[in-house]
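J.: structure for this input, please:
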Amino acid sequence: MNYLGHLVLSGNNEEVLFGNFIGDAIKGNAYLDWPDNIQKGILLHRVIDDFTDNNHYYLKGKRRFYKDYPKIGGVINDIVYDFLLWQHYIDNNILELNKEINRFYRTLDKYRDDMPEKIKFMYIYMKRDNWLLNYKYEWGIKKALKGIGKRINYSNNLDYSFNIVHDNLEDFKNEFQLFYSEIQMKVSSFM
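T.: Residues are numbered from 1 along each chain as shown. Now for the predicted structure:
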């Protein structure tokens, strides 16, 4: 899952949310240098990543990208899952994600000075360009994919990978529903 998925699964504890957000930047046992709830968030990030990387439904979606985008299917699928998360909340009218996103930004702003430099740099652009809200839209996902393609110099047309999603949208949505139900149970047992 990408940023939005991690934040939604963090619950209401601000330190856990912050730890989950910076999780990619904290390697090995370095998480032990942080306060307890931030440690919990970092470890939650690892649990989410491990679960996602090994989930049957997630892997089905990821494999659809292999033919045209070998080696980067997971990156694409992570971003697509943030789009699917939005669709899940819209379709089921479960949560006002707009309000949650504002809460995420307010919380992360409080911890901006504590962010690892790599995360702090990225967060400036995330908030300025409102990535979390824009994942709601097809154009937002395409823009994110195009930006990643340019940054990693892998493909200048990574945004075209969304055509695979568009052509298989019902399969992606169904797989996401099953995946999301399972990861919510996994996270609740961790918390």
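J.: how about stretch 96-108: buried residues?
T.: By neighbour count, with 16 or more other CB atoms under 10 Å as the criterion, the buried positions of stretch 96-108 are 97, 101, 104, 105, 107, 108. To be clear about C-beta, it is placed using only N, CA and C from the backbone, and glycine gets the same treatment.
J.: give me the neighbour count for residue 183.
T.: Neighbourhood size, residue 183 [other CB atoms under 10 Å]: 21.
J.: with residue 119 instead?
T.: By the criterion of other CB under 10 Å, residue 119 has 20 neighbours.
J.: going forward, count from 7.
T.: Noted, 7 is the first residue going forward, which turns the last one into residue 125.
J.: what's the longest helix seen in the chain packed up against?
T.: Criterion DSSP state H: the longest helix present in the chain is helix 175-196. Applying 3 or more CB pairs under 8 Å, 6 or more residues apart in numbering; DSSP states H and E, we find helix 175-196 packed against helix 42-59, helix 62-69, helix 79-98.
J.: which of the residues in the shortest one are buried?
T.: It stands for helix 62-69. Across helix 62-69, burial judged by 16+ other CB under 10 Å covers 63, 64, 65, 66, 67, 68.
J.: packing partners of that helix?
T.: Counting contacts by 3+ CB pairs under 8 Å, 6+ apart, helix 62-69 packs against helix 79-98, helix 175-196.
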